[in-house]
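Colleague: Okay, sequence plus prediction incoming.
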Protein chains: 2
Amino acid sequence: MGAPDLLLPSVGPEDAEKPLYDPEILTRLDWSEVTHMKGDVTSARPGDGLCVRPLCKADYDKGFLQLLGQLTKLGDISREKFNERFDAMRSCPGHYYVTVIEDTLLGQIVGSATLACELKFIRGCAKRGRLEDVVVNNEYRGKQLGKLIVTTITLLAKEVGCYKLGLDCKDEMKPFYGSLGYTSEKGNDNTMIIRF
Amino acid sequence: MGAPDLLLPSVGPEDAEKPLYDPEILTRLDWSEVTHMKGDVTSARPGDGLCVRPLCKADYDKGFLQLLGQLTKLGDISREKFNERFDAMRSCPGHYYVTVIEDTLLGQIVGSATLACELKFIRGCAKRGRLEDVVVNNEYRGKQLGKLIVTTITLLAKEVGCYKLGLDCKDEMKPFYGSLGYTSEKGNDNTMIIRF
């Protein structure tokens, strides 16, 4: 046998499976008032061969980034860069809830959405939530996975104490989000941006 | 003399003046392409008796919260709660840039706005900025302080590496933000919310 390999990667199997946030929070979501899911689908019972859980580093090898690539420009993201970003998110507790749906038979991530929280001073030092980066694998459309992941994030925002949850969306997505309880506040529903 | 007071507050003068973020960043803002400020006003030269700087804990006694109260519901925020929230923001480096304008003669905060950043995986692990909680003291209207604080945040977002900066606004505020370079992207300029 040779000398021990001193250049082993710092990410061992244990670290690779470590969730971005405490998965126990997902078990506390209150689905009792959700009426828009057929077949009593919830994050705890998403359907055969499916699992809803926090992102972990191992998802780099389960197509998480390729899935995000269906949403927008992805850019070049090495494993090292991915792990670094994951660690940066994890080092801000209570801020990042990147949540995925895994097809456990294939070991592939087929849906994802993020609850991003912002701490405020207003409203008694409130927390505001934002629904970000919602994406479902094209091949899994029509299986309620969009509704499932968005509703999971909605309930998550309530569970972690957000006073409101917002999202930016295209015209054609308004009916979808409207069907899940999101509303436009008349006269106060504009988003404007500067790109750098 | 009596026994030493063991119940002294943990926030000493030094901690009270510690900025929420490194004020040096403000000195690096590039105002050279800004054309909408009269009299070459910048964050470094905001006008006589005014100073643009990061929030600090001492601002609790300089009317910072009362100013935010002009914006929206403030709720009951004790000094302890304020300090706790400040520390929580400070413990997430690169996330919170609450920036204030102080009337240094009166020792009062007369304007404030926040750059809140969100880390992403998309776009090569990009950072997205949001302009939040913009407020200027009613009595200081007409002194360009709104334009000054918003432009400061815009340049700050660019300086810290945001790929875009967004804001939610009411219909009547669109012309104001439009005049400062913000745009609505046709078909993709809706914000929707759920309140809990």
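Modeller: Ah, there it is. Just so you know, these numbers come straight off a predicted model, no measurement behind them. Residues are numbered from 1 along each chain as shown, chains lettered A, B, ... in the order given.

Colleague: by contact count, what packs against the top strand by length along chain A?
Modeller: As assigned by DSSP state E, the longest strand anywhere in chain A is strand A:108-119. Judged by 3 or more CB pairs under 8 Å, 6 or more residues apart in numbering or on different chains; DSSP states H and E, the packing partners of strand A:108-119 are helix A:64-68, strand A:96-103, strand A:127-136, helix A:145-159, helix B:79-90, strand B:108-119. From N, CA and C alone the C-beta is placed, and that goes for glycine too.

Colleague: Which of these sits closest to B:Pro46?
Modeller: Evaluated over those, closeness to B:Pro46 peaks at strand B:108-119, with 9.1 Å, by CB to CB.

Colleague: so what strands line up beside the closest one?
Modeller: Note on strand B:108-119: by DSSP bridges, its sheet partners are strand B:96-103 (antiparallel), strand B:127-136 (antiparallel).

Colleague: Could you identify which of the ones you listed is most buried?
Modeller: Mean neighbour count (mean count of other CB atoms under 10 Å in any protein chain shown) peaks for strand B:96-103 among these, with a mean of 24.

Colleague: For that one, which outside residues touch it?
Modeller: With contacts defined as CB atoms under 8 Å, 6 or more residues apart in numbering or on different chains, strand B:96-103 is touched by A:119, A:121, B:20-21, B:25-26, B:46, B:49-55, B:59, B:62, B:64, B:89-90, B:108-117, B:133, B:136, B:140, B:145, B:148-149, B:152-153, B:156, B:160.

Colleague: re earlier: out of the helices and strands packed on strand A:108-119, deepest packed?
Modeller: The highest mean neighbour count among the helices and strands packed on strand A:108-119, using mean count of other CB under 10 Å, belongs to strand A:96-103: a mean of 24.

Colleague: follow-up on the earlier one: and the longest strand of chain A with helix A:145-159, angle?
Modeller: Calculated by axes from the mean of the first three to the mean of the last three CA atoms, to 10 degrees, strand A:108-119 forms an angle of 30 degrees with helix A:145-159.

Colleague: Tell me what angle strand A:108-119 forms with helix B:79-90.
Modeller: Going by the same axes, to 10 degrees, strand A:108-119 makes 140 degrees with helix B:79-90.

Colleague: do whichever helix or strand comes after strand A:108-119 and chain B meet?
Modeller: The C-terminal neighbour of strand A:108-119 among helices and strands, as given by DSSP states H and E, is helix A:122-125. Yes. If you take CB under 8 Å from any CB of the partner chain as the test, helix A:122-125 does meet chain B, through A:Ile122, A:Arg123, A:Gly124, A:Cys125.

Colleague: Closest to chain B out of these?
Modeller: A:Gly124 (3.0 Å; CB to the nearest CB).

Colleague: The closest one: how many residues sit nearby?
Modeller: A:Gly124 has 15 neighbours, counted by other CB atoms under 10 Å in any protein chain shown.

Colleague: need the contact list for it.
Modeller: A:Gly124 is in contact with B:Leu74, B:Gly75, B:Asp76, B:Ile77, B:Lys81, counting by CB under 8 Å, 6+ apart.

Colleague: Check A:Ala16 too.
Modeller: A:Ala16 neighbours (CB under 8 Å, 6+ apart): A:Cys56, A:Lys57, A:Ala58.

Colleague: one more time with 6 Å, if that's ok
Modeller: Residues near A:Ala16 by CB atoms under 6 Å, 6 or more residues apart in numbering or on different chains: A:Lys57, A:Ala58.

Colleague: Could you do A:Arg85 as well?
Modeller: A:Arg85 makes contact with B:Cys125 under the criterion CB under 6 Å, 6+ apart.

Colleague: Kindly report the residues of chain A close to chain B.
Modeller: Within chain A, the residues that sit near chain B (CB under 6 Å from any CB of the partner chain) are A:68, A:72-73, A:75, A:81, A:85, A:88-89, A:92, A:116, A:118-119, A:121-125, A:158, A:164-171, A:177, A:181-182, A:184, A:187-196.

Colleague: wait, is A:Val52 part of a helix?
Modeller: No. According to DSSP: H, G, I helix; E, B strand; the rest coil, A:Val52 belongs to no helix; its state is strand.

Colleague: Just the local confidence number for the residue lying closest to A:Asn137 once chain neighbours are set aside, please.
Modeller: Closest residue to A:Asn137 apart from its sequence neighbours, by CB to CB, 6 or more residues apart in numbering or on different chains: A:Val110 at 4.2 Å. A:Val110 is assigned a predicted lDDT (pLDDT) of 98.

Colleague: Go ahead and confirm A:Val110 touches A:Glu139.
Modeller: No. Counting by CB atoms under 6 Å, A:Val110 stays clear of A:Glu139, with 7.8 Å between them.
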